[in-house]
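In: build me a model:
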Amino acid sequence: MKKQIGVIFGSRSCEREVSIISAIQLMRHADPEKYDIIPVYIDEHGIWYTGEKLKDINSYKPFRPDSPGIIRVFPDLTAGSGALMHITRSTGLISREKMEIVARIETFIIVMHGLNGEDGTLQGLFEMANIPYTSTGVAGSAIGMDKIIMKQFFQGADLPVLPGVWFTRREFEKDQTKVIRCVQESLGFPVFVKPANLGSSIGVSRADNEEELKDSLELAFEYDRRVLVEKGLDHPIELNCSVLGYDDSVQASSIEMPLNSTEFLDFHEKYLSSGGSKGMASLHRVLPAPIEDRLKELIQEMSCKIFRMLDCKGVVRIDYMFDRESEQVYITEINTIPGSLAFYLWEYDGLHYSDMIDRLIENAVKAYEDRNRANYAFDSDILKNANFGTKGAKGSKGAKGH
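Out: Modelled structure (predicted):
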């Protein structure tokens, strides 16, 4: 019997359109002999939809929720249900609402980029609903989404990151001169300014002087209330490595070197200049990257270490900068749900996209089974001893266990 697989994408995120591209790529490559693929699209207002028409990219140019074949749904969050519900309204003198089950999802493949999907929020919902899902869990997803917390995590783990400082929107609005002076004294120029919780290089820009820094900060604060400023390098080499697996079964991909016209890949270069319908897979790159074996092994080992430290699951991509002058490699960020799910790196290594999808689903089920092995029914005497009707009752903190 085929497995009922929900591919969930979109959401209230600046990267919603990138998510749509990645999801449609995946749905086209999933093995139809093994799976019934059920698209689940969350629009910019947070409303859920399903229907076969959502597998067609033209359905989003623009998205029309009242089109035939598109059904508004909501998830049944009862543990283990996996049901997508739809409300119908009867006509007549007495209008009544009736709920019906449109589909039952056995496993969700999360193809979200950015907030409200890649950041642990959706993962937490599926944890509560006790449904298997691909992608890193709540904690790792949250750390991976927030560039400021991510950098502090890597620093605490004694991993190489570029020097940086961060600010809140309120700090900047209160005293712009103080913020700019702090950047100059701490980092100098050039610097890169990044919204803390965005991917796909949205809102990211380079600053080479005070005026550009002010403009870059204003741009970044349009997208987030917290902004990271990192020291820039002179003509670094960008290197990306993907990791696939779960628990103690983890492997790193070959390393790619994206080709870009500037010192970082902006949104246009990633998703528009090479054919937007193909996403990250269409990016110009050298694969494998022309680097020495020792650097390749270092990056692959570090990538697997990061994957394990964040308790990742499924497929991730970790991005690096290599400074030619110092021969030092720096971690830029981890993408817990990378653009195009980094399938092109695995296809280069001989793992077809359809087989990678199989692995994602297998890992999701293993993690689900591991989670359900935990004991959630520990019994104590706290409730037995609690008595709020008695004067002077101490409650749960006052009762001592034995």
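In: excluding its backbone neighbours, what's nearest Met112?
Out: Residue nearest to Met112 in three dimensions, not counting chain neighbours: Glu118, with 4.8 Å by Cβ to Cβ, 6 or more residues apart in numbering. Placement of C-beta: from N, CA and C, glycine included.
In: the one you found reaches Ile337, doesn't it?
Out: Yes. Taking contacts as Cβ atoms under 8 Å, Glu118 lies within contact range of Ile337: 4.8 Å.
In: between those two, which contacts overlap?
Out: Ile110, Met112, Ser135 (Cβ atoms under 8 Å, 6 or more residues apart in numbering).
In: please narrow those to those residing in helices.
Out: With DSSP state H as the criterion, helices contain none of these.
In: tabulate those (TSV), appending pLDDT, distance to Ser303 and neighbour count.
Out: Listed next are the shared contacts of Glu118 and Ile337 as TSV, based on pLDDT from 0 to 100; distance: Cβ to Cβ, whole Å; neighbours: other Cβ atoms under 10 Å:
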residue	pLDDT	distance to Ser303	neighbour count
Ile110	98	21	27
Met112	96	21	28
Ser135	97	17	30
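In: and of these, the nearest to Tyr49?
Out: Met112 (15.0 Å; Cβ to Cβ).
In: quick one, phi/psi of that closest one?
Out: Per-residue torsions, Met112: phi -110, psi 150 (degrees, to the nearest 10).
In: go ahead and confirm it touches Val7.
Out: No. With contact defined as Cβ under 8 Å, Met112 does not reach Val7; the gap is 10.5 Å.
In: quick check: longest helix of the protein.
Out: helix 353-371.
In: what does that one contact?
Out: By Cβ under 8 Å, 6+ apart, the residues outside helix 353-371 that reach it are 3, 5, 25-26, 29-31, 34-35, 107-109, 127, 130-134, 137, 244-247, 313-315, 341, 343, 346-347, 351.
In: just the buried residues of the residues you listed.
Out: Neighbour counting with 16 or more other Cβ atoms under 10 Å marks 5, 25-26, 29-30, 35, 107-109, 127, 131-134, 137, 244-246, 313-315, 341, 343, 346-347, 351 as buried within the contacts of helix 353-371.
In: quick one: neighbours of Pro290, just the number.
Out: Counted with other Cβ atoms under 10 Å, residues neighbouring Pro290 total 9.
In: burial check on the residue nearest to it when sequence neighbours are not counted, number of neighbours?
Out: Nearest in space to Pro290, with sequence neighbours left out and distances taken as Cβ to Cβ, 6+ apart, is Met257 at 7.0 Å. Residues lying near Met257 (other Cβ under 10 Å) number 17.
In: contact partners for Met257?
Out: Residues near Met257 by Cβ under 8 Å, 6+ apart: Ile237, Glu238, Leu239, Asn240, Arg285, Val286, Leu287, Ala289, Pro290, Ile291.
In: compile those into a markdown table and extend it with columns for pLDDT and distance to Ile71.
Out: Shown next, in a markdown table, are those (pLDDT from 0 to 100; distance: Cβ to Cβ, whole Å):
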| residue | pLDDT | distance to Ile71 |
| --- | --- | --- |
| Ile237 | 94 | 48 |
| Glu238 | 95 | 42 |
| Leu239 | 97 | 43 |
| Asn240 | 97 | 38 |
| Arg285 | 89 | 39 |
| Val286 | 94 | 44 |
| Leu287 | 95 | 40 |
| Ala289 | 96 | 45 |
| Pro290 | 95 | 50 |
| Ile291 | 96 | 49 |
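In: between the residues you listed, which sits nearest Glu211?
Out: Distances from Glu211 to the contacts of Met257, taken by Cβ to Cβ, are shortest for Glu238, at 26.6 Å.
In: could you look up the SS state of that closest one?
Out: The three-state label given to Glu238 by DSSP: H, G, I helix; E, B strand; the rest coil is strand.
In: so the residue nearest to it when sequence neighbours are not counted bridges to which residues?
Out: Spatial nearest neighbour of Glu238, excluding adjacent residues (Cβ to Cβ, 6+ apart): Pro258 at 5.1 Å. On the basis of DSSP bridges, Pro258 is bridged to Arg285.
In: neighbours around Pro258, how many?
Out: Using other Cβ under 10 Å, Pro258 is surrounded by 20 other residues.
In: now Lys366
Out: Number of residues near Lys366 (other Cβ under 10 Å) recorded here: 15.
In: do you know the pLDDT at it?
Out: Looking at Lys366, its pLDDT reads 98.
In: same thing with the one 4 residues further on?
Out: In this prediction, Asp370 carries a pLDDT score of 96.
In: what's the burial count for it?
Out: Neighbour tally, Asp370, other Cβ under 10 Å: 11.
In: do the same with Leu360
Out: Leu360, neighbours per other Cβ under 10 Å, totals 25.
In: and the pLDDT for it?
Out: We have a pLDDT of 98 for Leu360.
In: now swap in the one 3 residues further on and tell me
Out: Turning to Asn363, the model gives it a pLDDT of 98.
In: how near is it to Asp247?
Out: Asn363 sits at a distance of 8 Å from Asp247 (criterion: Cβ to Cβ, to the nearest Å).
In: which strand residues bridge the closest residue to Ile105 other than its chain neighbours?
Out: Residue nearest to Ile105 in three dimensions, not counting chain neighbours: Gly6, with 3.8 Å by Cβ to Cβ, 6+ apart. According to DSSP bridges, the partner residues bridging Gly6 are Ile38, Phe108.
In: low-confidence regions, this protein specifically.
Out: Along the chain, segments meeting pLDDT under 70 span 92-93, 199-200, 261-283, 390-402.
In: thank you kindly, that will do.
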